[in-house]
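> Give me a 3D structure for the following:
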Amino acid sequence: MPHDAYISATDWLFGTLALLAILLYGVGIFHSNRQKRLRKWPRRRIVLWVAGVLASVSTVVGPLAKLSHDQFTWHMFGHLLLGMLGPLLLALAAPMTLVLRTLPVRQARKVSRLLKSRLAGFSTHPIIASILNIGGLWLLYTTGLFAAMHHHLWLHILVHIHVFVAGYLFTISLLYIDPVSHRYSYRYRTAVFIVALAGHGILSKFLYAYPPAGVPIEEARAGAMLMYYGGDAVDLVIIILLFSNWYHSAKRQQTRVTSTPTDHVHANETTQNAPAS
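So this is what the prediction gives:
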(Lines give C-alpha, C1' and ligand atoms only; values in the text may rest on other atoms or scores of the structure.)
Protein backbone atom coordinates (compact mmCIF):
# COMPACT_ATOMS: atom_id res chain seq x y z
CA MET A 1 0.00 0.00 0.00
CA PRO A 2 1.36 3.52 -0.80
CA HIS A 3 2.77 5.44 2.15
CA ASP A 4 0.17 8.26 2.00
CA ALA A 5 -2.71 5.78 1.90
CA TYR A 6 -1.08 3.98 4.81
CA ILE A 7 -1.07 7.10 6.98
CA SER A 8 -4.56 8.15 5.86
CA ALA A 9 -6.06 4.79 6.87
CA THR A 10 -4.50 4.86 10.34
CA ASP A 11 -5.48 8.52 10.79
CA TRP A 12 -9.13 7.70 10.22
CA LEU A 13 -9.15 4.52 12.30
CA PHE A 14 -7.22 5.61 15.37
CA GLY A 15 -8.43 9.21 15.21
CA THR A 16 -12.04 8.03 15.35
CA LEU A 17 -11.27 5.68 18.26
CA ALA A 18 -9.58 8.51 20.17
CA LEU A 19 -12.51 10.87 19.74
CA LEU A 20 -14.88 8.10 20.76
CA ALA A 21 -12.83 7.38 23.89
CA ILE A 22 -12.94 11.02 25.00
CA LEU A 23 -16.65 11.30 24.18
CA LEU A 24 -17.61 8.17 26.11
CA TYR A 25 -15.55 9.25 29.10
CA GLY A 26 -17.33 12.61 29.05
CA VAL A 27 -20.73 10.89 28.88
CA GLY A 28 -19.72 8.74 31.83
CA ILE A 29 -18.76 11.80 33.85
CA PHE A 30 -22.07 13.49 33.03
CA HIS A 31 -24.12 10.53 34.25
CA SER A 32 -21.90 9.97 37.28
CA ASN A 33 -22.11 13.59 38.44
CA ARG A 34 -25.91 13.50 38.20
CA GLN A 35 -26.04 10.93 40.99
CA LYS A 36 -26.36 12.87 44.24
CA ARG A 37 -25.14 9.98 46.38
CA LEU A 38 -21.74 10.08 44.67
CA ARG A 39 -19.03 12.69 44.85
CA LYS A 40 -18.19 14.66 41.74
CA TRP A 41 -15.71 12.96 39.44
CA PRO A 42 -12.23 14.45 40.09
CA ARG A 43 -11.07 16.96 37.49
CA ARG A 44 -7.51 15.63 37.63
CA ARG A 45 -8.77 12.31 36.27
CA ILE A 46 -10.41 14.10 33.36
CA VAL A 47 -7.07 15.77 32.57
CA LEU A 48 -5.27 12.42 32.88
CA TRP A 49 -7.70 10.70 30.52
CA VAL A 50 -7.53 13.37 27.82
CA ALA A 51 -3.73 13.53 28.13
CA GLY A 52 -3.49 9.74 27.94
CA VAL A 53 -5.67 9.54 24.84
CA LEU A 54 -3.75 12.34 23.11
CA ALA A 55 -0.37 10.82 24.02
CA SER A 56 -1.42 7.44 22.67
CA VAL A 57 -3.14 8.57 19.49
CA SER A 58 -0.40 11.04 18.56
CA THR A 59 1.87 8.12 17.72
CA VAL A 60 -0.46 6.78 15.03
CA VAL A 61 -2.17 9.97 13.80
CA GLY A 62 -0.67 13.10 12.32
CA PRO A 63 2.96 14.23 11.89
CA LEU A 64 4.47 11.87 14.47
CA ALA A 65 2.93 8.87 12.73
CA LYS A 66 4.64 9.90 9.48
CA LEU A 67 7.98 10.50 11.19
CA SER A 68 7.71 7.18 13.06
CA HIS A 69 7.18 5.40 9.75
CA ASP A 70 10.34 6.92 8.25
CA GLN A 71 12.78 7.18 11.17
CA PHE A 72 13.54 4.67 13.91
CA THR A 73 14.26 7.34 16.52
CA TRP A 74 10.80 8.85 16.13
CA HIS A 75 9.33 5.35 16.06
CA MET A 76 10.89 4.68 19.47
CA PHE A 77 9.56 7.97 20.81
CA GLY A 78 6.14 6.84 19.65
CA HIS A 79 6.66 3.51 21.42
CA LEU A 80 7.25 5.35 24.70
CA LEU A 81 4.03 7.31 24.26
CA LEU A 82 1.86 4.46 23.01
CA GLY A 83 3.15 1.62 25.18
CA MET A 84 4.21 3.37 28.38
CA LEU A 85 3.18 6.98 29.07
CA GLY A 86 -0.27 6.81 27.43
CA PRO A 87 -1.35 3.63 29.24
CA LEU A 88 -0.07 5.01 32.56
CA LEU A 89 -2.09 8.23 32.22
CA LEU A 90 -5.20 6.29 31.18
CA ALA A 91 -4.86 3.86 34.08
CA LEU A 92 -4.57 6.76 36.55
CA ALA A 93 -7.84 8.14 35.13
CA ALA A 94 -9.64 5.06 36.57
CA PRO A 95 -11.91 4.35 33.58
CA MET A 96 -13.35 1.12 34.99
CA THR A 97 -14.37 2.88 38.19
CA LEU A 98 -16.23 5.43 36.08
CA VAL A 99 -17.93 2.65 34.11
CA LEU A 100 -19.16 0.98 37.31
CA ARG A 101 -20.43 4.29 38.66
CA THR A 102 -22.27 5.09 35.44
CA LEU A 103 -23.94 1.79 34.53
CA PRO A 104 -27.24 0.62 36.03
CA VAL A 105 -26.87 -1.91 38.84
CA ARG A 106 -27.64 -4.97 36.70
CA GLN A 107 -25.14 -4.04 33.98
CA ALA A 108 -22.54 -3.03 36.58
CA ARG A 109 -22.81 -6.47 38.17
CA LYS A 110 -22.22 -8.10 34.78
CA VAL A 111 -19.07 -6.01 34.34
CA SER A 112 -17.95 -6.97 37.85
CA ARG A 113 -18.40 -10.65 37.03
CA LEU A 114 -16.35 -10.13 33.88
CA LEU A 115 -13.56 -8.53 35.91
CA LYS A 116 -13.59 -11.56 38.20
CA SER A 117 -13.41 -14.03 35.32
CA ARG A 118 -10.45 -16.32 34.72
CA LEU A 119 -9.59 -14.52 31.50
CA ALA A 120 -9.39 -11.16 33.27
CA GLY A 121 -7.33 -12.68 36.06
CA PHE A 122 -4.99 -14.32 33.56
CA SER A 123 -4.43 -11.24 31.40
CA THR A 124 -3.80 -8.96 34.40
CA HIS A 125 -1.46 -11.34 36.20
CA PRO A 126 1.83 -9.43 36.61
CA ILE A 127 3.91 -12.17 34.98
CA ILE A 128 1.55 -12.67 32.02
CA ALA A 129 1.22 -8.92 31.49
CA SER A 130 5.01 -8.58 31.58
CA ILE A 131 5.45 -11.33 28.99
CA LEU A 132 2.87 -9.72 26.72
CA ASN A 133 4.52 -6.33 27.11
CA ILE A 134 8.27 -6.93 27.24
CA GLY A 135 8.16 -10.24 25.37
CA GLY A 136 6.15 -8.61 22.61
CA LEU A 137 8.84 -5.96 22.19
CA TRP A 138 11.57 -8.57 21.92
CA LEU A 139 9.52 -10.35 19.27
CA LEU A 140 8.94 -7.11 17.37
CA TYR A 141 12.51 -5.83 17.27
CA THR A 142 14.56 -9.05 17.07
CA THR A 143 12.65 -10.73 14.25
CA GLY A 144 11.44 -9.71 10.81
CA LEU A 145 8.20 -8.44 12.30
CA PHE A 146 9.42 -4.84 12.50
CA ALA A 147 10.24 -4.72 8.77
CA ALA A 148 7.04 -6.58 7.82
CA MET A 149 4.77 -4.13 9.66
CA HIS A 150 5.97 -1.37 7.32
CA HIS A 151 4.69 -3.26 4.30
CA HIS A 152 1.35 -4.61 5.54
CA LEU A 153 -1.32 -2.26 6.84
CA TRP A 154 -3.18 -4.91 8.84
CA LEU A 155 0.04 -5.93 10.58
CA HIS A 156 0.93 -2.30 11.24
CA ILE A 157 -2.44 -1.76 12.94
CA LEU A 158 -2.27 -5.04 14.85
CA VAL A 159 1.22 -4.33 16.22
CA HIS A 160 0.23 -0.88 17.46
CA ILE A 161 -2.91 -2.21 19.11
CA HIS A 162 -0.85 -4.90 20.83
CA VAL A 163 1.75 -2.40 22.07
CA PHE A 164 -0.98 -0.24 23.58
CA VAL A 165 -3.06 -3.04 25.12
CA ALA A 166 0.01 -4.84 26.48
CA GLY A 167 1.28 -1.58 27.99
CA TYR A 168 -2.07 -0.92 29.63
CA LEU A 169 -2.38 -4.46 31.04
CA PHE A 170 1.17 -4.22 32.37
CA THR A 171 0.40 -0.92 34.10
CA ILE A 172 -2.82 -2.06 35.77
CA SER A 173 -1.17 -5.32 36.84
CA LEU A 174 1.23 -3.23 38.95
CA LEU A 175 -0.91 -0.27 40.04
CA TYR A 176 -4.36 -0.98 41.46
CA ILE A 177 -6.26 2.20 40.62
CA ASP A 178 -9.51 0.57 39.47
CA PRO A 179 -11.28 -2.25 41.37
CA VAL A 180 -9.26 -5.47 41.12
CA SER A 181 -10.52 -8.93 42.07
CA HIS A 182 -7.21 -10.76 41.56
CA ARG A 183 -4.79 -8.98 43.88
CA TYR A 184 -1.11 -9.73 44.42
CA SER A 185 1.14 -8.49 47.18
CA TYR A 186 3.35 -5.45 46.79
CA ARG A 187 6.45 -7.63 47.16
CA TYR A 188 5.31 -9.92 44.38
CA ARG A 189 4.46 -7.07 42.01
CA THR A 190 7.73 -5.30 42.79
CA ALA A 191 9.75 -8.45 42.08
CA VAL A 192 8.02 -8.95 38.72
CA PHE A 193 8.48 -5.27 37.91
CA ILE A 194 12.23 -5.48 38.54
CA VAL A 195 12.54 -8.42 36.14
CA ALA A 196 10.47 -6.56 33.53
CA LEU A 197 12.69 -3.49 33.92
CA ALA A 198 15.72 -5.65 33.31
CA GLY A 199 14.15 -7.15 30.19
CA HIS A 200 13.35 -3.70 28.81
CA GLY A 201 16.82 -2.38 29.57
CA ILE A 202 18.59 -5.38 28.06
CA LEU A 203 16.51 -5.05 24.89
CA SER A 204 17.47 -1.39 24.48
CA LYS A 205 21.16 -2.31 24.83
CA PHE A 206 20.72 -5.16 22.37
CA LEU A 207 19.19 -2.79 19.81
CA TYR A 208 22.08 -0.39 20.32
CA ALA A 209 24.48 -3.13 19.19
CA TYR A 210 22.25 -5.05 16.79
CA PRO A 211 19.73 -2.81 14.98
CA PRO A 212 16.58 -4.24 13.38
CA ALA A 213 16.91 -5.10 9.70
CA GLY A 214 16.93 -2.03 7.49
CA VAL A 215 17.57 0.47 10.30
CA PRO A 216 20.77 2.60 9.99
CA ILE A 217 23.17 2.10 12.87
CA GLU A 218 23.09 5.75 14.00
CA GLU A 219 19.30 5.83 14.06
CA ALA A 220 19.24 2.54 15.95
CA ARG A 221 21.64 3.83 18.58
CA ALA A 222 19.71 7.06 19.07
CA GLY A 223 16.44 5.13 19.29
CA ALA A 224 17.92 2.59 21.71
CA MET A 225 19.19 5.35 24.00
CA LEU A 226 15.78 7.02 23.90
CA MET A 227 14.15 3.68 24.73
CA TYR A 228 16.54 3.16 27.65
CA TYR A 229 16.41 6.57 29.30
CA GLY A 230 12.86 7.48 28.31
CA GLY A 231 11.62 4.12 29.55
CA ASP A 232 13.43 4.66 32.85
CA ALA A 233 11.68 8.02 33.27
CA VAL A 234 8.21 6.48 32.91
CA ASP A 235 9.18 3.49 35.04
CA LEU A 236 10.37 5.87 37.76
CA VAL A 237 6.86 7.32 37.95
CA ILE A 238 5.41 3.81 38.30
CA ILE A 239 7.96 3.00 41.02
CA ILE A 240 7.04 6.15 42.97
CA LEU A 241 3.32 5.39 42.71
CA LEU A 242 3.78 1.72 43.60
CA PHE A 243 5.95 2.41 46.63
CA SER A 244 3.71 5.28 47.74
CA ASN A 245 0.68 2.98 47.68
CA TRP A 246 2.69 0.33 49.50
CA TYR A 247 3.68 2.82 52.22
CA HIS A 248 0.14 4.07 52.76
CA SER A 249 -1.23 0.52 52.78
CA ALA A 250 1.29 -0.54 55.43
CA LYS A 251 0.52 2.59 57.43
CA ARG A 252 -3.23 1.90 57.37
CA GLN A 253 -2.63 -1.69 58.40
CA GLN A 254 -0.39 -0.59 61.27
CA THR A 255 -3.04 1.88 62.40
CA ARG A 256 -5.66 -0.87 62.50
CA VAL A 257 -3.34 -3.16 64.46
CA THR A 258 -2.43 -0.53 67.05
CA SER A 259 -6.00 0.69 67.46
CA THR A 260 -7.47 -2.78 68.15
CA PRO A 261 -6.22 -3.18 71.77
CA THR A 262 -7.48 0.29 72.65
CA ASP A 263 -10.87 -0.53 71.22
CA HIS A 264 -11.03 -3.66 73.36
CA VAL A 265 -10.12 -1.68 76.49
CA HIS A 266 -12.85 0.88 75.80
CA ALA A 267 -15.32 -1.93 75.17
CA ASN A 268 -14.44 -3.61 78.48
CA GLU A 269 -14.67 -0.32 80.40
CA THR A 270 -18.08 0.34 78.89
CA THR A 271 -19.27 -3.10 79.88
CA GLN A 272 -17.96 -2.80 83.46
CA ASN A 273 -19.44 0.68 83.96
CA ALA A 274 -22.80 -0.17 82.47
CA PRO A 275 -25.71 -0.06 85.03
CA ALA A 276 -27.08 -3.41 86.12
CA SER A 277 -30.33 -4.31 84.44
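
> and the nearest residue to Leu64 once chain neighbours are set aside, backbone torsions?
Nearest residue to Leu64 in three dimensions, chain neighbours excluded: Ser58, at 5.2 Å (C-beta to C-beta, 6 or more residues apart in numbering). Glycine gets a C-beta too; all of them are placed from N, C-alpha and C. As for Ser58, its main-chain torsions (degrees, to the nearest 10) stand at phi -60, psi -20.

> ok, how many other residues are close to Gly223?
Neighbour count for Gly223, taken as other C-beta atoms under 10 Å: 26.

> can you tell me which residues contact the residue nearest to it when sequence neighbours are not counted?
In space, and not counting its chain neighbours, Gly223 is closest to Met76: 3.8 Å by C-beta to C-beta, 6+ apart. The contact partners of Met76, by C-beta atoms under 8 Å, 6 or more residues apart in numbering, come to 223-224, 226-227, 230.

> hmm, back to that, would you mind listing the residues in contact with the residue nearest to Leu64?
Contact analysis of Ser58 by C-beta under 8 Å, 6+ apart lists 64-65, 78, 81.

> What separation is there between the residue nearest to Ala148 when sequence neighbours are not counted and Phe206?
Of all residues not flanking Ala148 in the chain, Leu155 sits nearest, at 5.8 Å (C-beta to C-beta, 6+ apart). Separation of Leu155 from Phe206 (C-beta to C-beta, to the nearest Å): 22 Å.

> pLDDT value on Arg34, please?
At Arg34, the predicted lDDT confidence score is 89.

> can you check Arg183 too?
For Arg183, the pLDDT comes out at 90.

> got the contact list for it?
Counting by C-beta under 8 Å, 6+ apart, Arg183 touches Tyr176.

> What is the burial count for Ala196?
Ala196 has 22 neighbouring residues, counting by other C-beta under 10 Å.

> Apologies, that question was intended for Phe243.
Residues lying near Phe243 (other C-beta under 10 Å) number 12.

> sorry, back to before: what number of residues lie near the residue nearest to Ala148?
Neighbour tally, Leu155, other C-beta under 10 Å: 13.

> can you check Arg187 too?
Neighbours of Arg187 under the rule other C-beta under 10 Å: 9.

> Appreciated, that's everything.
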